[in-house]
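A.B. asks: Sequence first, predicted model second:
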Amino acid sequence: MSMPGLKPIIFYDIPSIVQGESWSPNTMKTRYCLNFKGIPFQTVCLEFPEIKPFYEQHSLAPTTLRSVNGTLTPVHTLPVIMDPNTNRLITDSFAIAQYLDEQYPDTPKVLPHNTAALVCAFHTAFHNLIKDIILLGSFRGAQKLNPKSKEYYIRTRVERFGIPWEQFATPERREKQWNALRAACNTVDGWYATSNGQFILGDTPCFADFIVAGLCKWVQYCFENQEWEELKGWNGGRWRRLVEATDKYLDCSR
């Protein structure tokens with residue numbers, strides 16, 4: 001899509017040590033959106049310890065609050081975009097999706113037909129389904145971070161969950177979390193089964209599909225290969241087909 005005169009949006013992402021891989025399923029949602037909509041952008045990478053200072057430098061409110069050892073602690077997360085065409089900084093993947101649809105109405109919608117409220121509910125329900133696999137994903141995913149981010153990530157996750165790092169992925173936890181992921185996929189498969197097309201709203205992907213595809217890519221990148229091969233076959237191969245259909249929107253070359 002040609003958009004003459006439009007300055008590229010700055011997309012802030014977390015780097016992976018593997019070239020061509022997007023590390024975070026949260027930032028993947030925004031990368032999917034930008035590529036799907038055909039909006040020009042360029043990526044600027046921030047290491048984990050750089051995210052909070054970035055928020056403070058630009059007077060951005062924390063994304064959310066999280067309880068750590070019984071204390072509510074501000075959380076500063078990516079993705080963030082800076083749109084030089086409007087001089088605006090937007091945080092949170094869902095808010096970014098809304099902004100892109102509103103600011104660039106002539107591009108394909110990621111929240112079409114007034115579905116924003118329903119997709120927001122989907123986002124919350126999906127997150128609640130997959131929250132039990134965070135420990136296993138954290139343990140595996142940290143190995144693909146640069147040293148500065150890896151140290152920060154491990155230290156803050158140990159603080160948050162209150163268990164030693166080496167206990168994040170014990171065989172017992174691994175089995176429990178993998179079973180939880182399979183149960184989550186079965187539930188989401190039921191949601192998709194009500195659609196008349198490959199995607200949740202039919203024949204065209206939307207933000208909800210990017211949420212699910214991002215998790216699948218996270219498993220592909222951060223789990224062991226046999227686990228990814230196993231997940232691809234679940235639910236009649238639905239997740240393999242979803243990944244294949246959306247991979248073209250996960251271009252990491254920009």
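C.D. replies: Great, that's in hand. These figures come from a predicted structure and were not determined experimentally.
A.B. asks: can you give me the strands in this structure?
C.D. replies: Using DSSP state E, the strands of the chain run over 9-13, 41-45, 64-68, 71-75, 80-83, 88-91.
A.B. asks: Also compute the angle for the third one relative to strand 71-75, please.
C.D. replies: Strand 64-68 and strand 71-75 are oriented at 140 degrees to each other (axes from the mean of the first three to the mean of the last three Cα atoms, to 10 degrees).
A.B. asks: And the contacts of strand 64-68?
C.D. replies: For strand 64-68, contacts defined as Cβ atoms under 8 Å, 6 or more residues apart in numbering pick out 72-75, 77, 159-160. (C-beta placed from N, C-alpha, C; glycine too.)
A.B. asks: List buried residues within those.
C.D. replies: 75, 77, 160 (16 or more other Cβ atoms under 10 Å).
A.B. asks: Stretch 102-114: end-to-end distance?
C.D. replies: 12 Å (Cα to Cα, to the nearest Å).
A.B. asks: try stretch 66-79
C.D. replies: End residues of stretch 66-79 are separated by 18 Å (Cα to Cα).
A.B. asks: before we move on, back to that, go through the contacts of strand 64-68 and name the one nearest residue 192.
C.D. replies: Among these, residue 77 lies closest to residue 192 (Cβ to Cβ), at 27.1 Å.
A.B. asks: Please give me every residue in contact with the closest one.
C.D. replies: For residue 77, the contact set (Cβ under 8 Å, 6+ apart) comprises 26, 51, 63-64, 91-92.
A.B. asks: Which residue in those has the weakest pLDDT?
C.D. replies: In terms of pLDDT, the lowest of the contacts of residue 77 is residue 64, showing 85.
A.B. asks: Could you say which one of the strands of the chain comes nearest to residue 35?
C.D. replies: strand 41-45 (8.5 Å).
A.B. asks: ok, and for that closest one, which residues are buried?
C.D. replies: For strand 41-45, by 16+ other Cβ under 10 Å, it's 41, 43, 45.
A.B. asks: Show the backbone phi and psi for the residue nearest to residue 16 when sequence neighbours are not counted.
C.D. replies: Ranked by Cβ to Cβ, 6 or more residues apart in numbering and with sequence neighbours excluded, the top spatial neighbour of residue 16 is residue 23, at 3.9 Å. For residue 23, the backbone dihedrals (degrees, to the nearest 10) come out as phi -80, psi -40.
A.B. asks: try residue 46
C.D. replies: Torsion angles, degrees, to the nearest 10, at residue 46: phi -120, psi 130.
A.B. asks: State the number of residues packed around it.
C.D. replies: When neighbours are counted by other Cβ atoms under 10 Å, residue 46 registers 17.
A.B. asks: Report the contact partners of it.
C.D. replies: Neighbours of residue 46 in contact, by Cβ under 8 Å, 6+ apart: 12-14, 54, 78.
A.B. asks: Next one: it from residue 99, what distance?
C.D. replies: 20 Å (Cβ to Cβ, to the nearest Å).
A.B. asks: same thing with residue 187?
C.D. replies: 29 Å.
A.B. asks: So which of the two has more stuff around it?
C.D. replies: Shown here are residue 187 and residue 99; by other Cβ under 10 Å, residue 99 has more neighbours (17 against 12).
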